[in-house]
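[1] Sharing a model that was predicted from the sequence below.
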Amino acid sequence: MTADTAAALSLLSAQAVRTRAQQMLALGLDDRLPNFRIDLSLLEATAERVLVVTRQAYPSLDVPFHSRWRHFVVNGEDRFAAIAAKATWHDAAVRARAEFDLAIVSVFLDAGAGSQWRYSDGESGQRIGRSEGLALASLDMFARGAFSADPNDPLRVDASVLAQLTAEQLAQGFQVTDANPLVGLDGRAALLRRLGALASEKPDVFARHDSARPGGLFDHIVAQNGSDTLAASQILSALLMELGPIWPSRIVLGGIPLGDCWRHPAIVASDATNGLVPLHKLSQWLSYSLIEPLQRAGVTVSDIDGLTGLAEYRNGGLFVDSGILTLRDPAQLARAHDAGSELVVEWRALTVALLDRLAAAVRGKLNMNAETLPLAKILEGGSWATGRVLAREKRPDGSPPITVTSDGTVF
């Protein structure tokens, strides 16, 4: 293994995300960042607002994990639970593979939809946008067997089907038209095709007990772990190692594609990772979403806070709209920014670090700790929801305060 390869691998972890995010925050607190100033005096008030929003949704503070499964609940009805109750599962592993299939595909389709797109839900009659709409669209495609190669087993995602998926097929499933455009449609379809090709090429990972499918990763994680307990960070490590090649190769170091990892000159390291900022947002969102399928299959998942907060526009928007983060140049708010721009990389890294600070403040108000109120519950309760509330208060369309140009594979 070369020095560059070893350096690259060191960035494929939640700890690397947290460490570099904290470096960015430290620079910001010293007023040494090019784009943002930080005012931590507003953190307590923001934590109080998060707590108010959390209590409104969960009065008893019995908050579930922040995960894709929450978006399958519409008007109090758990759509996936209803589908699962009618299915025949021969054993826990069969169900876990199906749940991994659904979670992986649905999360990979969960990049920002844009402000115009809506999904017309046949059951409720509602037109639903953003993450919730994307979730329902993917669930409906999954339920009708759109990703399955076996007409007698619709609740599965086969690598062979994904590898041939077209943007037109995805557009049909997501009700995309000229009047209902979805940001990054081609990028989403290409991502799923790469996922299908990768799963087919790695039967030792994705086809241990079935034909090649994303859900085969369940068997791989369980086999690799060798016990019925694993740390949440191990889920992310498996995802980054096994699924890393499907992401657009923005940065490749030592032959390792780094995925959701970007450059920022303020971050200094003594090796080839100098200037690199790993964030792994979608992979961490997926890691959170795989905890419950593992638990239902009898696996104990420990150290949930080994994962980090999510570097996306609702959590990031919370800190901008609350005033904790302010742009040195307010004119930047009126412009669209590329995901790889210095400003956006800085914003996202600060979001991760500030979520740790926010979590500590919320727990302090409740006299709770990371075991009784893990970050995954604060995100759900929580920071993500409050970011949305503040966005609607400040902008009629509820859009984030900073506009990011998406290719369908980042946010």
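    Sure, I can see it.
[2] Tell me the spacing between Arg388 and Gly112.
    Applying C-beta to C-beta, to the nearest Å, the value for Arg388 to Gly112 is 13 Å. To be clear about C-beta, it is placed using only N, CA and C from the backbone, and glycine gets the same treatment.
[3] And for Arg70?
    From Arg70 over to Gly112 (counting by C-beta to C-beta), the distance is 18 Å.
[4] out of those two, which sits in the more crowded spot?
    Gly112 (22 against 16; other C-beta atoms under 10 Å).
[5] Pretty sure Tyr313 is one of the things that one touches, is it not?
    Yes: if you go by C-beta atoms under 8 Å, Gly112 and Tyr313 touch, sitting 6.9 Å apart.
[6] list the contacts for Leu230?
    Ile221, Leu294, Val299, Thr300, Val301, Ser302 (C-beta atoms under 8 Å, 6 or more residues apart in numbering).
[7] Go ahead and build a PyMOL selection from the buried members of those.
    Filtering the contacts of Leu230 down to the buried ones (16 or more other C-beta atoms under 10 Å) takes a single PyMOL command:
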select buried, resi 221+294+299+301
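[8] Next step: the contacts of Leu230 restricted to helices.
    Ile221, Leu294 (DSSP state H).
[9] nearest to Ala26, of the contacts of Leu230?
    For these, the minimum distance to Ala26 (C-beta to C-beta) is 28.6 Å, reached by Ser302.
[10] what about Gly364, which helix or strand?
    Per DSSP states H and E, Gly364 falls inside helix 342-366.
[11] Distance of the residue nearest the centre of the chain relative to Leu25?
    Closest to where the C-alpha atoms of the chain average out (C-alpha atoms, centre = their mean) is Trp285, at 2.7 Å. According to C-beta to C-beta, Trp285 stands 21 Å off from Leu25.
[12] what is the orientation angle of the host helix or strand of the residue nearest to the centre of the chain with helix 342-366?
    Here Trp285, judged by DSSP H and E, is contained in helix 281-296. Counting by axes from the mean of the first three to the mean of the last three C-alpha atoms, to 10 degrees, helix 281-296 lies at 40 degrees to helix 342-366.
[13] what comes up buried for helix 281-296?
    Under the neighbour-count criterion of 16+ other C-beta under 10 Å, helix 281-296 has 281-294 buried.
[14] And the helix or strand Leu390 falls within, what's buried?
    Using DSSP H and E, Leu390 sits within helix 384-394. Using 16+ other C-beta under 10 Å as the burial criterion, the residues of helix 384-394 that qualify are Trp384, Ala385, Thr386, Gly387, Arg388, Val389, Leu390, Ala391.
[15] swap in stretch 242-258?
    Of the residues in stretch 242-258, 242-248, 250-251, 253-254, 256-258 count as buried by neighbour count, 16+ other C-beta under 10 Å.
[16] Just send these back as a markdown table, with pLDDT and secondary structure too.
    Listed next are these as a markdown table, based on pLDDT from 0 to 100; DSSP: H, G, I helix; E, B strand; the rest coil:
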| residue | pLDDT | secondary structure |
| --- | --- | --- |
| Glu242 | 93 | helix |
| Leu243 | 91 | helix |
| Gly244 | 84 | helix |
| Pro245 | 84 | helix |
| Ile246 | 84 | helix |
| Trp247 | 76 | coil |
| Pro248 | 71 | coil |
| Arg250 | 81 | coil |
| Ile251 | 91 | coil |
| Leu253 | 93 | strand |
| Gly254 | 93 | coil |
| Ile256 | 91 | strand |
| Pro257 | 89 | strand |
| Leu258 | 91 | coil |
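[17] how far away is Ser131 from Gln175?
    Distance from Ser131 to Gln175, by C-beta to C-beta: 16 Å.
[18] Tell me which of the two has more neighbours.
    Shown here are Ser131 and Gln175; by other C-beta under 10 Å, Ser131 has more neighbours (22 against 16).
[19] Just name whatever secondary elements the host helix or strand of that one is in contact with.
    Per DSSP H and E, Ser131 falls inside helix 130-143. Judged by 3 or more C-beta pairs under 8 Å, 6 or more residues apart in numbering; DSSP states H and E, helix 130-143 is in contact with helix 79-86, helix 92-108, strand 119-120, helix 167-173.
[20] quick one: buried residues of the very next helix or strand once past the last one?
    Which is helix 167-173. Using DSSP H and E, the helix or strand that follows helix 167-173 in sequence is helix 185-201. Residues of helix 185-201 classed as buried: 185, 187-200 (neighbour count, 16+ other C-beta under 10 Å).
[21] Contacts for helix 185-201, please.
    104-105, 108-109, 111, 158-167, 169-171, 174, 176, 182, 205-207, 212-214, 216, 243, 245-248, 407-409.
[22] Narrow these to just the buried residues.
    Using 16+ other C-beta under 10 Å, the buried ones in the contacts of helix 185-201 are 104-105, 108-109, 111, 158-159, 161-163, 165, 167, 169-171, 174, 176, 182, 205-207, 212-214, 216, 243, 245-248, 407-409.
[23] quick one: contacts of stretch 316-332?
    34-40, 42-43, 45-46, 49-50, 333, 343, 347-348, 350-351, 354, 383-384, 386-387, 390-391, 393-394, 400-402.
[24] and Val345, what is it in contact with?
    Per C-beta under 8 Å, 6+ apart, neighbours of Val345: Trp262, Arg263, His264, Val277.
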